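> Mind folding the following:
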Amino acid sequence: MKKIAILASGSGSNAENIIRFFRNHPDIFIDSVWSNKSDAYVLERAENLNIEANFFTKDELVNTDQLLNEFKKREINLIVLAGFLLLLPQKFVREFQVINIHPALLPAYGGKGMYGEHVHRAIIANKEKESGITIHLVDEVYDHGKVLFQARCPIDPTDTPETLAAKIHELEMAFFPSTIEALLQGST
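Numbering: from 1, shown residues only. Predicted coordinates for the structure are as follows:
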């Protein structure tokens, strides 16, 4: 059985989608959900779905091995970043396989500070013709690492950051869980 730990900083719609996707999976199990924000709605979503939900501080993530050792003890096979906004320390990337989803077609519109609405505003402001999602392995650099999957969507002249966000969210819901599954089953 492959075990996943999900890290998220926000509302957790991607986390919930992943949890539901793997609910009865014969080979993959969602071990736990973790957030660096004690009031993040993702923690409530996880608890409502009977998944262990945990809070940790940035200091615990960066300056101690507490979380790292906890993941080792749990025998986590994959860390999924589902709207997790902190840069994961190198020690995690060296020890675990880590996957992330980004709301743009990397390498464009990536890097520190480029997440969520910031990405969509920049894409609309630059009058891009398309956007999409990038699912990638995580390394030591923001929004870098081997690309596993990309999906595209057109941008209409009438799109706003909000309407673009809705299109991107649909792509995330459709493709993030199956890409995680393919990675863990060795087919990516």
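
> ok now stretch 179-188, how far from the chain's centre?
15 Å (Cα atoms, centre = their mean, to the nearest Å).

> Just the C-alphas of that stretch, formatted as PDB.
Extracted C-alpha coordinates of stretch 179-188, given in PDB (Å, rounded to 0.1, in the frame of the first residue of the first chain):
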ATOM      1  CA  THR A 179      -1.600  12.000 -12.400                       C
ATOM      2  CA  ILE A 180      -0.800  11.200  -8.800                       C
ATOM      3  CA  GLU A 181      -2.100   7.700  -9.300                       C
ATOM      4  CA  ALA A 182       0.000   7.200 -12.500                       C
ATOM      5  CA  LEU A 183       3.100   8.400 -10.700                       C
ATOM      6  CA  LEU A 184       2.600   6.000  -7.800                       C
ATOM      7  CA  GLN A 185       1.800   3.100 -10.100                       C
ATOM      8  CA  GLY A 186       4.900   3.800 -12.200                       C
ATOM      9  CA  SER A 187       3.100   4.800 -15.400                       C
ATOM     10  CA  THR A 188       4.400   8.500 -15.800                       C
END
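
> Show me what that stretch is in contact with.
2, 4, 18, 21-22, 25, 27-28, 77-78, 80, 97, 99, 135, 148-149 (Cβ atoms under 8 Å, 6 or more residues apart in numbering). All C-beta atoms are positioned from the backbone trio N, CA, C, and that covers glycine.

> please redo it, this time with the cut-off set to 7 Å
2, 18, 28, 77, 78, 80, 99, 135, 148, 149 (Cβ atoms under 7 Å, 6 or more residues apart in numbering).

> Restricted to strands, list those.
2, 28, 78, 80, 99, 135, 148, 149 (DSSP state E).

> Quick check on those: which are buried?
Among the ones in strands among the contacts of stretch 179-188, those buried by neighbour count (16 or more other Cβ atoms under 10 Å) are 2, 28, 78, 80, 99, 135, 148, 149.

> quick one on the thing from earlier: can you lay out the ones in strands among the contacts of stretch 179-188 as TSV showing distance to residue 106?
Listed next are the ones in strands among the contacts of stretch 179-188 as TSV, based on distance: Cβ to Cβ, whole Å:
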residue	distance to residue 106
2	25
28	25
78	20
80	17
99	13
135	10
148	11
149	11
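
> now stretch 29-46: how far from the chain's centre is it?
Worked out by Cα atoms, centre = their mean, stretch 29-46 lies 12 Å from the chain centre.

> Flag the shaky bits of this protein, pLDDT-wise.
Along the chain, the parts satisfying pLDDT under 70 run over 188.

> Name the single longest helix found in it.
helix 161-184 (DSSP state H).

> tell me which residues in it are buried?
Quick answer for helix 161-184 (16+ other Cβ under 10 Å): 161, 164-165, 167-168, 171-172, 175-177, 179-181, 183-184.
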